[in-house]
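S.K.: Quick one, fold the following:
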Amino acid sequence: MNEAEILFTDVLNCDRLTLHLKSREYLTGREQKAIVEAFMRRMKGEPLQYVLGKAEFLGLELKVNRDVLIPRPETEILVEVALRYAKEFMPDSLRILDLCTGSGCVGLALAKSIPNAVLDAVDICESALKVARDNALANKLNVNFIKSDLFSNLKKSRKYNIIVTNPPYVLSSEIKKLAREIRFEPRKALDGGPDGLKFYRKILRDCYPYMKTGGYLIMELGFRQKDEVINILKDIKEFELIEFLRDYNNIERIMVLRKFLR
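M.R.: As a prediction, this is how the structure comes out:
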């Protein structure tokens, strides 16, 4: 379907065939108003997912609004990689932490695929956590959502086999240069500081005590950030670099590290 059809079928709560079969019927006043509002929002550049109030991610329908990033295809790769490494652990003893959860898309997709795992998901923003909790409830998935600035409210006694994260990584100076649609998304979820690496430094510096020996840290990276993150690792001796994976645009997007076995 094209965007117009998507908006019409959503507002009118019908499928594409019904839309065209009834194309000569008059809309109610309420329907007309809803259609006009939806098209006006879209014409102003607001992302289609925000207009619809929902997005699809790995088979899940998720609520989205301007408190959370819209889930993206490259982040599906992050989940797929985490699932591959999760196979090394027994499902009923597997603990996973999703940092910077936003809409909850990563943690919820993992919970759907590994129902016996213990999933914690963290975000600093209470409004984002409300969206994530709503998504967990709607999809009947069990994830423990925690308000925390990264690790600040977590207990070191609760160690994880896998930490997975898609942190903010856009340079502060680049925010205003982003496509108009992206500028509708929450700045907190995009802004990675002056060099885009603020959160990578914090995560790499602080995550070690929260990981089980032999556990994995799996991170999504921004464009051309691979070498810069490797440079940060030079001063951090607790991890071995396992692999990088490319996204659908051949960008080195996912980084996998392992806590050294001692």
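
S.K.: do you know how far the closest residue to Leu94 other than its chain neighbours is from Ile96?
M.R.: In space, and not counting its chain neighbours, Leu94 is closest to Ala117: 4.1 Å by Cβ to Cβ, 6 or more residues apart in numbering. Glycine gets a C-beta too; all of them are placed from N, C-alpha and C. Counting by Cβ to Cβ, to the nearest Å, the gap from Ala117 to Ile96 is 6 Å.

S.K.: just Pro47 next, same as before
M.R.: 28 Å.

S.K.: so what's the nearest residue to Gly222 once chain neighbours are set aside up against?
M.R.: Leaving aside its sequence neighbours, Gly222 sits nearest to Tyr169 (Cβ to Cβ, 6+ apart; 3.7 Å). By Cβ atoms under 8 Å, 6 or more residues apart in numbering, the contact list for Tyr169 reads 192, 196-197, 199-200, 220-222, 225.

S.K.: follow-up on the earlier one: ramachandran angles for the residue nearest to Leu94?
M.R.: phi -80, psi 150 (degrees, to the nearest 10).

S.K.: Am I right that Ala4 falls within a strand?
M.R.: No - applying DSSP: H, G, I helix; E, B strand; the rest coil, one finds Ala4 to be helix, outside a strand.

S.K.: Mind pulling up the pLDDT for it?
M.R.: pLDDT for Ala4: 87.

S.K.: quick one: it and Val11, what's the gap?
M.R.: 11 Å.

S.K.: Strands along the chain, start to end?
M.R.: For the chain, the strands defined by DSSP state E cover 54-57, 60-63, 95-99, 118-123, 144-147, 160-165, 211-220, 239-246, 252-259.

S.K.: Need these in a markdown table (columns: mean neighbour count and distance to Tyr26).
M.R.: Formatted as a markdown table, the strands of the chain follow (neighbours: other Cβ atoms under 10 Å; distance: least, Cβ to Cβ, whole Å):
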| stretch | mean neighbour count | distance to Tyr26 |
| --- | --- | --- |
| strand 54-57 | 18 | 27 |
| strand 60-63 | 19 | 30 |
| strand 95-99 | 26 | 47 |
| strand 118-123 | 24 | 45 |
| strand 144-147 | 16 | 45 |
| strand 160-165 | 25 | 50 |
| strand 211-220 | 21 | 48 |
| strand 239-246 | 14 | 51 |
| strand 252-259 | 21 | 49 |
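
S.K.: Kind regards, and thank you for your time.
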